[in-house]
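J.: I need the structure of the sequence given here:
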Amino acid sequence: MIQSPRLLLPTHRPSSRAAGIFTVASWRRGRPSRGVSRKIRYFEPIPGPPGSAAKFAAGNNSSQYWNHDEKFFLEVFVSRSRSPYFNLAFEDYLFSTFPTATQSEEKLAVAQALDQPKIDDALAHRPKTLFLYANTPCVVIGRNQNPYREVNLQELRAAGVPLLRRKSGGGTVYHDLGNVNYSVMTQSADFTRAEHARTICDAVNRHLIWTKKTVWPLTERMQLAVNERYDIVNNVGSKVSGSAYKIERGKAYHHGTFLLQADLARVSKLLHRPLPTEGGPGERIRGGGVESVRSPVANIEITSSEFVDAVIERFGQLYSYKQNNLLVTYVDEQELTTEQAAGIAEREATLKSWEWTYASTPKFRHNFQGLNGSDAIEFMVKEGHITRVVVKDMPALLPSTDTAVQELVGQPYIADTIVPKMPDTYWQDRIRAAL
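T.: Numbering: from 1, shown residues only. Coordinates of the predicted model:
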């Protein structure tokens, strides 16, 4: 068994599902040893740098300089599944069951009334949840984004890469096994946009020191910091992790995708629509929806196992009221209660549906230019259905064909519906490629 240098793991196979082993090799394969959870005992914390020399050039981004006297009831979940549908559904399920401040106070009052000291001890601390997972290749758009604007759908289909719409805001991201996704859930009173980005940043920087990949003060090549957009960036400003948030009913979560050894060439290919030639055919999309902020990206070049261990350790040190006895729960499709399975299956079905992925797009206009660069045809779309078609400059459209195009009003905005109404193979191919 391969052990992390900073974690004391069991040296024997667990006798029950109550304790399990998670190794570097098994994380890479996506198949950890059987079991639900393990307890982690930490070595002594990594010593900090002397004096002020350790402060980052970009500012004081390290959470070691903050006052973390208050501790939380920290729960940590690590997914064994590599299914993006399962992992996004499980994240949403976790958030749906995460208690608000009012619910926590009610549970604490009940525990105190029943004189349950162990439960009372846990509930006396406000909750915080950390969820870590990795997905097979997929593209994930934000709750209020337009996939026709954000993604090269033709390349996506050709590569067999699924498209998902998540529940949080933010921009479009690419997932593969070269990155790890993190999600941190808190009650509203404990939520800030910078807090957990800085903690993740701090965890990775400290790992680089521990493994002697850099030394204090941090070298320019390996230094990570949090910028004004709460992205984690390297010394030249290339993004290694973005941030997205969801805030509702007294609770919130912050999640991100941390680039470790991701296929960056594929990122560029899938997340950018081809630009039209000057004066030639192209497309314009106008209307609602949050546009992604294009940024240069970079890998940090550590393994996913190193990242997972470093983040769990730092969160335990900073946040858990039981620092030296932290429980990590491993989850997958087989390790669910009946109630959990039903809730997650319902969420997976939503994530896979056309109604959620495409019809949830804010209303927009999709304009196609012809070979001469002039506007040829425009579709107005709301809730995934065509509300109006305007034929502007499409000589191939005979009056009878124009009438047929108008029959598209009220129909779903999908290639199978529109392509048969197009006048020739050129326009049929254009529509099929775009949708």
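
J.: what are the phi and psi values at residue 256?
T.: The phi and psi values for residue 256, taken as degrees, to the nearest 10, are phi -160, psi 170.

J.: ok, it to residue 164 distance?
T.: Separation of residue 256 from residue 164 (C-beta to C-beta, to the nearest Å): 16 Å. In this view, the C-beta of every residue, glycine as well, is placed from N, C-alpha and C.

J.: show me the strands in the stretch 251-400 of the chain, by range?
T.: For the stretch 251-400 of the chain, strands defined by DSSP state E, counting those that start in this stretch occupy the ranges 251-259, 283-287, 326-331, 364-369, 375-382, 385-391.

J.: okay, now the unreliable bits of the stretch 201-350 of the chain?
T.: Counting by pLDDT under 70, the ranges of the stretch 201-350 of the chain that qualify are 212-222, 274-280, 323-324.

J.: tell me which stretches of it form helices.
T.: When assigned using DSSP state H, counting those that start in this stretch, the helices of the stretch 201-350 of the chain occupy the ranges 264-270, 304-319, 338-352.

J.: deepest-packed of the ones you listed, please.
T.: helix 304-319 (a mean of 22; mean count of other C-beta atoms under 10 Å).

J.: run the chain-centre distance for it.
T.: Computed by C-alpha atoms, centre = their mean, to the nearest Å, the chain-centroid distance of helix 304-319 equals 18 Å.

J.: helices or strands next to that helix in the packing?
T.: With contacts taken as 3 or more C-beta pairs under 8 Å, 6 or more residues apart in numbering; DSSP states H and E, helix 304-319 sits against helix 24-29, strand 37-42, strand 73-79, strand 127-133, strand 179-187, helix 195-210, strand 326-331.

J.: show me the domain layout of the chain.
T.: What automatic domain parsing lists as the domains of the chain is 7-280+287-357, 364-434.

J.: quick one, which of these is packed in tightest?
T.: domain 7-280+287-357 comes out most buried of the domains of the chain by mean count of other C-beta under 10 Å, with a mean of 17.

J.: roughly how far does residue 345 sit from residue 143?
T.: Using C-beta to C-beta, we find residue 345 at a distance of 21 Å from residue 143.

J.: with residue 379 instead?
T.: 23 Å.

J.: cool, residue 427 as well?
T.: Relative to residue 143, residue 427 is positioned 32 Å away (C-beta to C-beta).

J.: who are the contact partners of the residue lying closest to residue 98 once chain neighbours are set aside?
T.: Leaving out its chain neighbours, the residue that sits closest to residue 98 by C-beta to C-beta, 6 or more residues apart in numbering is residue 185, at 4.9 Å. By C-beta atoms under 8 Å, 6 or more residues apart in numbering, residue 185 lies in contact with 94-95, 98, 127-129, 131, 251-253.

J.: relative to residue 93, how far out is residue 185?
T.: According to C-beta to C-beta, residue 185 and residue 93 sit 11 Å apart.

J.: rewinding a little: same list (the helices and strands packed on helix 304-319) but as JSON lines, adding distance to residue 350.
T.: Shown next, in JSON lines, are those (distance: least, C-beta to C-beta, whole Å):
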{"stretch": "helix 24-29", "distance to residue 350": "28"}
{"stretch": "strand 37-42", "distance to residue 350": "28"}
{"stretch": "strand 73-79", "distance to residue 350": "19"}
{"stretch": "strand 127-133", "distance to residue 350": "18"}
{"stretch": "strand 179-187", "distance to residue 350": "18"}
{"stretch": "helix 195-210", "distance to residue 350": "26"}
{"stretch": "strand 326-331", "distance to residue 350": "19"}
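
J.: great, nothing more from me.
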